[in-house]
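**Q** the following block contains a protein sequence and its predicted model.
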Amino acid sequence: MSQNPGANPSASDIAQLLQERYGASQHYEVLDNAILRHLLQHRSVRAFAPTALPPHALETLVAAAQSGSSSSNLQVWSVVAIQDAAHKNQLAIWANNQDFVRQAPLFLVWLVDLSRDRLVADAPEGVTIDGTDYLESVVLGAIDAAIAAQNAVLAAESLGLGAVYAGAIRSHVRAIAEDLKLPPYVFPVFGTAIGYPAEGLVSHIRPRLPQPAVLHSEYYDASAQPQAAQRYDQALDAFWKKQHIDHPLWTRHLATRLGNVAQKGDARYELREILLELGFPLR
């Protein structure tokens, strides 16, 4: 069997996990247990073996997803499981032709789903279910979906599976919404490919920003950002070199990814218009 990204290393390895997560120049003291080691070793898997998932894997992942927190217990998310090869191929095309969508035995499309609550709410006379019409509810649904999906990914990794997110499905939301027969008030937020890592796959933990870049004490303070970004450029550059990948520095990547988006024709940046088309009034 290929490398198991979900296998828990020994307690003595937590320092190594932290070094990989932040780069060799960063040092943090953290508490230690099996769950924390499991979290620290997360890495995305973008190549999958043609091996079927074990029986009841899908139900297990959904149970884990539903064990995540939900704002006010509204549970305004759903997920569509794609396992048919032809259907996955079409989703792969719409996800900017990313091959891991085809390879994975399971592709999950996570949805903001305000339709269900509108359908089943037992509203007394004089009460209109209009809370679903506001941008707040779309944000709430996206948060709930993300929490659910991350629970599912962590559960998958604990079973020896690998996973990777696919936000690129938002580049073709209109086509995907039609394909999945989504009713009004339902929006596909992102996908997750899940399966066994490809044989011989060696994946490394991608470093994250130093903690001073994301951790603020009492009040927001941006003074640490330039130095943190410089350190992260170095750590991530070392990671790409270890992967034998020629990749621009992170700070340049930001400009490439976020610069001149209006000229790129990516539907992700037409989201307001698309949500209106999908029946979200966005008050």
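**A** Arrived safely, thanks for sending. Please read all numbers here as calculations on a predicted model, not as lab measurements.
**Q** which parts of the stretch 101-250 of the chain are strands?
**A** 106-113, 162-166, 186-195 (DSSP state E, counting those that start in this stretch).
**Q** where does pLDDT dip in this structure?
**A** Residues of the chain meeting the criterion pLDDT under 70: 1-12.
**Q** most distant residue from the centre of it?
**A** Here the chain reaches farthest from its C-alpha mean at Glu125, the gap being 40.3 Å by C-alpha atoms, centre = their mean.
**Q** any idea how far Tyr28 is from that residue?
**A** In this view, Glu125 and Tyr28 are 57 Å apart by C-beta to C-beta, to the nearest Å. Every C-beta, even on glycine, is put in place using the N, C-alpha and C of the backbone.
**Q** do Asp133 as well
**A** 44 Å.
**Q** also His204?
**A** 19 Å.
**Q** about what we covered before: which among the strands of the stretch 101-250 of the chain is found nearest to Ile14?
**A** Counting by C-beta to C-beta, Ile14 lies closest to strand 162-166 out of those; the figure is 21.3 Å.
**Q** given that closest one, what are its sheet partners and their directions?
**A** When pairs are called by DSSP bridges, strand 162-166 turns out to pair with strand 186-195 (antiparallel).
**Q** distance from the chain centre to the partner strand, please.
**A** 8 Å (C-alpha atoms, centre = their mean, to the nearest Å).
**Q** begin at 33 from now on, thanks
**A** Sure thing, new numbering starts at 33, so read that last one as strand 218-227.
**Q** hey, C-alpha coordinates of that strand in PDB?
**A** Taking C-alpha atoms only, strand 218-227 is exported to PDB below (Å, rounded to 0.1, in the frame of the first residue of the first chain):
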ATOM      1  CA  VAL A 218     -28.600  26.000  -3.100                       C
ATOM      2  CA  PHE A 219     -25.000  26.900  -4.200                       C
ATOM      3  CA  PRO A 220     -22.000  24.600  -4.700                       C
ATOM      4  CA  VAL A 221     -19.100  26.000  -2.700                       C
ATOM      5  CA  PHE A 222     -16.200  23.600  -3.300                       C
ATOM      6  CA  GLY A 223     -15.400  20.000  -3.900                       C
ATOM      7  CA  THR A 224     -13.300  17.300  -2.200                       C
ATOM      8  CA  ALA A 225     -11.600  14.400  -3.900                       C
ATOM      9  CA  ILE A 226     -11.100  11.400  -1.600                       C
ATOM     10  CA  GLY A 227      -9.300   8.100  -2.200                       C
END
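**Q** which residues sit against stretch 169-177?
**A** 100-103, 106-109, 111, 142-146, 163, 219, 221-222, 307, 312, 314 (C-beta atoms under 8 Å, 6 or more residues apart in numbering).
**Q** the longest helix in the chain is where?
**A** As assigned by DSSP state H, the longest helix anywhere in the chain is helix 167-190.
**Q** ok and that one relative to strand 138-145, angle-wise?
**A** Per axes from the mean of the first three to the mean of the last three C-alpha atoms, to 10 degrees, the angle that helix 167-190 makes with strand 138-145 is 160 degrees.
**Q** list the buried ones in helix 167-190?
**A** 169-170, 172-190 (16 or more other C-beta atoms under 10 Å).
**Q** do the same with stretch 86-103
**A** Residues of stretch 86-103 classed as buried under the neighbour-count rule (16+ other C-beta under 10 Å) are Ala89, Leu90, Thr92, Leu93, Val94, Ala96, Ala97, Gly100, Ser102.
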